[in-house]
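Q: just the structure for this:
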Amino acid sequence: MKKLLFAAILGSLPILSVFSQSNKKETPARRNVLLIAVDDLDNHLGCYGDPLVQSPNIDRLARRGVRFDRAYCQFPLCSPSRTALLTGLRPDSTRVYDLQTHFRTTVPDVVTLPQHFKNKGYFVARVGKLYHYGVPRDIGTDGLDDPLSWTTVRNPKGRDKAEENLITNLTPGRGLGSSLSYLAADGTDEEQTDGMVATEAVKLMEQGKDGPFFLAVGFFRPHCPFVAPKKYFDLYPLNKIPLPVHSPGDTTQYPREAFFTYPFNWGLNEAQRREAIQAYYASITFMDAQVGRVLDALDRLGLADNTIVVLWSDHGYLLSEHGQWMKQSLFEESARVPMIVAAPGVKGNGAASPRTVELQDIYPTITDWCRVGTPAHVAGNSLLPLLSNPKKVWSQPAITQVARNNGMGRSIRTERWRYSVWENGQGAEELYDHDKDPYELKNLAKEPALAEIKGKLRRRLLGDFAKGARR
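A: Next comes the predicted model:
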């Protein structure tokens, strides 16, 4: 009897084993993140319709992701913008408005985007500039980094740093970090800091390929000084460089606060302006080649199908529009940024979204796609609905602000309108209709027929800030 019972039990074991295996749920592979930050990059890219600038690698990323045509920064200055994106808090919550304040002194306990993934057990690495660096001063150092955010970091320093004495400065009264200066360099891509950033990024990807990983890659170019190997300058003959037709344009309709560059164009003549633009374009194409090396490694390692890739710039960049250069204004060219999100498995890949979005949306988008939860403090909105349907109805505006001596300037951008107000809401106003005036050449703030539209935009802009910086 006992033998029969044992045999019955033994005979049932394979059946039980098969049953348990057939009902076992497979744990899906945890998703990876490749976050690519580019310093001072505006929308002069092939995928954004520029007929001259060569950016084949960013263009191919756009073809396999969603290109956001109306993406905006929260603050057109490196540290406040990067801090807002990486902490998930808007500038009025971080209170970082300059290049010196570290957010750990104002919001010491905030969980940053990379820190959140680190807490979830990811390998989290940084190479190059993610938080603020003084460029070129801090290249090769940790800059204004946040040690709590990373498992490991890399700080390359290349030939561009060693050869600063060779740089031509068209604005000699300005330091290299805020100058119009350039060098058509000798040597190879790999000898430059951004070339070394790409090399280290590939090594870190190989190290973390068994995942999950969060790899943040920060390129320094096209931030000034505009340094790139000479072959990239050769792509842009000076006689082919166009100057903006609205430079400086009719400046009488703008408030003084609207301008960062004084005197207009910093006194550069047309030939010098073309030199600066040539060097900026050369730096873009050089940087793009390094992005290509990182994307090639992602494909070679078989990681593309399980990795979200997000490419963004910390703000836009003026190239003499309105007589202005660089950033620190609320004009479209300063506030608007390139932003591309390539998330495997979404329906909208290869398309462009015309909806108004913000850099603030990157944190919740990445955490949403990776299914790691989004901390309660995070502002912005997950863009997953727009990744699936890039033209989906979307009513969120974009908010940008910038500091002046007499108070903050604030701007709200919808798909059609930009409204800006200075001196903490007490000063001059600007209103532009982008359907008719994409270069913001006609300030409509005093038009009686548009008083209702202006009023609605003003209430939303100032009301949101009064309610806690639209957290």
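Q: any regions of this structure where pLDDT drops low?
A: Counting by pLDDT under 70, the low-confidence segments of the chain come to 1-28, 464-471.
Q: domains of it?
A: 32-386, 401-466 (automatic domain parsing).
Q: nearest to residue 394, out of these?
A: domain 32-386 (4.0 Å; CB to CB). All C-beta spots, glycine's among them, are computed from the backbone N, C-alpha and C.
Q: residue 163 is in contact with residue 183, isn't it?
A: Yes: at 6.7 Å, residue 163 counts as touching residue 183 under the criterion of CB atoms under 8 Å.
Q: which one of these two has more residues nearby?
A: Neighbour tally, residue 163 and residue 183, criterion other CB atoms under 10 Å: the higher count belongs to residue 183, 22 against 16.
Q: next, that one: phi, psi?
A: Here is the backbone geometry of residue 183 (degrees, to the nearest 10): phi -150, psi 120.
Q: in the stretch 251-400 of the chain, which spans are helices?
A: 270-300, 332-335, 362-370, 384-388 (DSSP state H, counting those that start in this stretch).
Q: buried ones in the first one?
A: So the one you mean is helix 270-300. 273-295, 297-298 (16 or more other CB atoms under 10 Å).
Q: re the thing from before, highest mean neighbour count out of the domains of the chain?
A: For the domains of the chain, the largest average neighbour count (mean count of other CB atoms under 10 Å) is found in domain 32-386, namely a mean of 20.
Q: returning to that earlier point: take the domains of the chain and lay them out in JSON lines including distance to residue 393.
A: Output for these, formatted as JSON lines (distance: least, CB to CB, whole Å):
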{"stretch": "domain 32-386", "distance to residue 393": "9"}
{"stretch": "domain 401-466", "distance to residue 393": "11"}
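Q: got a markdown table for the helices of the stretch 251-400 of the chain, with distance to residue 34 too?
A: Rendered in a markdown table, the data for the helices of the stretch 251-400 of the chain read as follows (distance: least, CB to CB, whole Å):
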| stretch | distance to residue 34 |
| --- | --- |
| helix 270-300 | 6 |
| helix 332-335 | 25 |
| helix 362-370 | 10 |
| helix 384-388 | 16 |
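Q: and these: which comes nearest residue 42?
A: Of all the helices of the stretch 251-400 of the chain, the one in closest proximity to residue 42, counting by CB to CB, is helix 332-335 (6.3 Å).
Q: please compute how far that closest one lies from its chain's middle.
A: Relative to the chain's own centre, helix 332-335 is displaced by 13 Å; criterion: CA atoms, centre = their mean, to the nearest Å.
Q: for the remainder of this discussion, apply numbering that starts at 40.
A: Will do, 40 is the new start, and the previous item becomes helix 371-374.
Q: if we can go back for a sec, now do the shared contacts for residue 202 and residue 222.
A: Each of residue 266 lies in contact with both residue 202 and residue 222 under the rule CB atoms under 8 Å, 6 or more residues apart in numbering.
Q: which one is residue 340 nearest to, not counting chain neighbours?
A: Among residues not flanking residue 340 along the chain, residue 248 sits closest, at 5.1 Å (CB to CB, 6 or more residues apart in numbering).
Q: cool, and residue 307?
A: According to CB to CB, 6+ apart, the nearest residue to residue 307 is residue 209 (6.1 Å).
Q: can you name the residues that contact that neighbour?
A: By CB under 8 Å, 6+ apart, the residues touching residue 209 are 218-221, 307, 311, 314-315.
Q: next: residue 79.
A: 117, 261-263, 352-354, 356, 365-366.
Q: between these, which sits nearest residue 469?
A: Once CB to CB is applied, the member of the contacts of residue 79 that ends up nearest residue 469 is residue 366, at 17.2 Å.
Q: Provide a list of residues in contact with that closest one.
A: 79, 115-116, 299, 354-357, 373.
Q: same thing but 7 Å
A: Residue 366 sits next to 115-116, 354-356, 373 when contact means CB atoms under 7 Å, 6 or more residues apart in numbering.
Q: redo the contacts of residue 79 as CSV? Include distance to residue 91.
A: Listed next are those as CSV, based on distance: CB to CB, whole Å:
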residue, distance to residue 91
117, 26
261, 14
262, 20
263, 20
352, 18
353, 23
354, 22
356, 15
365, 20
366, 22
